[in-house]
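> take this sequence and fold it.
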Amino acid sequence: MLQQKIPATVITGFLGAGKTTMIRNLLQNAGGKRIALIINEFGDLGVDGDVLKGCGAEACTEDDIIELTNGCICCTVADDFIPTMSKLLERENRPDHIVIETSGLALPQPLIAAFNWPEIKTQVTVDGVITVVDSAAVAAGRFADDHDKVDALRVEDDNLDHESPLEELFEDQLTAADLIVLNKTDLLDAAGVLAVRDEVASRIARKPSMIEAKNGEVAAAVLLGLGVGTEDDIANRKSHHELEHENGEEHDHDEFDSFVVELPAIAEPAAFIERLKGVIAEHDVLRVKGFADVPGKPLRLLIQAVGSRIDNYFERAWAAGETRGTRLVVIGLHDMDEQAVRAAIAAAV
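Presented below is the predicted three-dimensional model:
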């Protein structure tokens, strides 16, 4: 008898949408299901992996958490993802379910297509693709178009490019979805949530299911067990880049850059956070995430910034033998002035 395929859930979404928080909640409420987690980090510092390893979920031990830190998974499928999946499937205690958290900069479509590789397809199926949306960001117009203005400009010059890479990426992640989670709805009123629903729906031709959430709190029964088999429907979920490929254009991710900033201990974290907001606004930084060493505190301070909104809290104790320090991953557009940003963050300490 052929062994039943292992279901895999792909969780995608833009930077800071709440993917890691949702997965952490999932692991803590998995009902005994053994879950293997693959994390595709963008940048050199495995922040999300460290956060999830500290969740204490019996269903997902540290050995079940695998980090891929070589950049966008869609560009490293053959080098990273396929060998990782093969090793996972060779384990004696195979997982009941595989969860893959993509980078906030990743295109989900090539990853989904990879499940059609012969050595993967016979053993694993894509249970579903879940796209997490930062409702507060969308409500603030971060991805909204002024359609009338764009149409007017097109009349003037058909050769102008009016699509930003962020908007394309947002739409690509929505296009791949079987389930869209509108996260952080607690930051909006009813009218605001309705407007976000309409905005998200207007971005895609497909109409996947859409649910609301706050703090990434979604029941495991909702996230797992969709049973879609998404790899068989990939042709109906083409990304902007795939459509460009069909027209002979090249695909790359040069729109984004990331680097790690190492800093001394942060004696006054509240003041540092306020100054960091100014740096983010001045240099149009997309995302900052990492940890800070606060003198006199046994716990390390987690810092997660999306635009000017910065979450910070003492997350876990410094491990025995772990070197205390402050390390932040900074993610921005390709034309970001790295040296200026580094200097500004250093001056904020």
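> which one is Thr102 nearest to, not counting chain neighbours?
Thr12 (4.5 Å; C-beta to C-beta, 6 or more residues apart in numbering). For glycine as for every other residue, the C-beta is placed from the backbone atoms N, C-alpha and C.
> okay, and the helix or strand of this protein with the least pLDDT?
Here the helix or strand of the chain ranked lowest by mean pLDDT, DSSP states H and E is helix 147-156, holding a mean of 47.
> list of residues touching the helix or strand just after that helix?
Counting by DSSP states H and E, the next helix or strand C-terminal to helix 147-156 is helix 165-175. For helix 165-175, contacts defined as C-beta atoms under 8 Å, 6 or more residues apart in numbering pick out 12-14, 105, 107-109, 131, 133, 142-143, 145, 180, 200, 203-206, 208, 237-241, 255-256, 286, 333.
> and the residue nearest to Thr102, which of the three is it?
In three-state terms, and counting by DSSP: H, G, I helix; E, B strand; the rest coil, Thr12 is strand.
> quick check: bridge partners of it?
Thr131 (DSSP bridges).
> that one contacts Ala176, correct?
Yes: the criterion here is C-beta atoms under 8 Å, and Thr12 meets it with Ala176 at 6.6 Å.
> got any residues that touch both of these two?
Common contacts of Thr12 and Ala176, defined by C-beta under 8 Å, 6+ apart, comprise 108, 129, 131.
> which strand or helix spans the most centrally placed residue in the chain?
Nearest to the geometric centre of the chain sits Gly104, at 3.2 Å (C-alpha atoms, centre = their mean). Under the criterion DSSP H and E, no helix or strand holds Gly104.
> from now on call the first residue 484
From this message on, residue numbering opens at 484, which makes the last subject Gly587.
> how far away is it from Gly496?
7 Å (C-beta to C-beta, to the nearest Å).
> now do the shared contacts for the two.
Common contacts of Gly587 and Gly496 (C-beta under 8 Å, 6+ apart): Lys502.
> just give me the longest helix of the protein.
Using DSSP state H to assign secondary structure, the helix with the most residues in the chain is helix 752-766.
> domain ranges for the protein?
Listed domain ranges for the chain are 489-729, 739-831 (source: automatic domain parsing).
> any idea how far the longest one is from the chain center?
For domain 489-729, the separation from the chain centroid amounts to 6 Å (computed by C-alpha atoms, centre = their mean, to the nearest Å).
> could I get stretch 670-689 in CSV with only the CA atoms?
What follows is stretch 670-689, C-alpha atoms only, in CSV (Å, rounded to 0.1, in the frame of the first residue of the first chain):
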residue,chain,number,x,y,z
LEU,A,670,-6.4,47.9,14.7
LEU,A,671,-9.3,49.0,12.4
ASP,A,672,-13.0,49.7,12.8
ALA,A,673,-15.7,47.8,10.9
ALA,A,674,-15.7,50.2,8.0
GLY,A,675,-11.9,50.0,7.8
VAL,A,676,-12.0,46.2,7.7
LEU,A,677,-14.6,46.2,5.0
ALA,A,678,-12.5,48.6,2.9
VAL,A,679,-9.5,46.3,3.3
ARG,A,680,-11.6,43.4,2.1
ASP,A,681,-12.6,45.3,-1.0
GLU,A,682,-9.1,46.5,-1.7
VAL,A,683,-7.6,43.0,-1.4
ALA,A,684,-10.4,41.4,-3.5
SER,A,685,-9.8,44.1,-6.2
ARG,A,686,-6.2,43.0,-6.6
ILE,A,687,-6.8,39.5,-7.9
ALA,A,688,-9.0,37.7,-10.4
ARG,A,689,-9.2,34.6,-8.3
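> helices of the stretch 584-733 of the chain, start to end?
Secondary structure of the stretch 584-733 of the chain by DSSP state H, counting those that start in this stretch: the helices cover 591-597, 601-604, 618-622, 630-639, 648-658, 673-685, 703-706, 723-729.
> by mean pLDDT, show me the worst of those helices.
Of all the helices of the stretch 584-733 of the chain, mean pLDDT reaches its minimum on helix 630-639 (a mean of 47).
> before we move on, the earlier item: weakest of the domains of the chain by average pLDDT?
Mean pLDDT is lowest for domain 489-729 among the domains of the chain, at a mean of 77.
> end to end on stretch 601-620, go ahead and measure it.
This stretch, stretch 601-620, spans 40 Å end to end (C-alpha to C-alpha, to the nearest Å).
> buried ones in that stretch?
For stretch 601-620, burial by neighbour count (16 or more other C-beta atoms under 10 Å) applies to 603, 606-620.
> which one of these is nearest Arg792?
Distance to Arg792, by C-beta to C-beta, is smallest for Ala619 among the buried residues of stretch 601-620, at 7.5 Å.
> report how many residues lie close to the residue nearest to that closest one when sequence neighbours are not counted.
Counting by C-beta to C-beta, 6+ apart, Ala619 lies nearest to Leu670, which is 4.3 Å off, once chain neighbours are set aside. Residues near Leu670, counting by other C-beta atoms under 10 Å, number 16.
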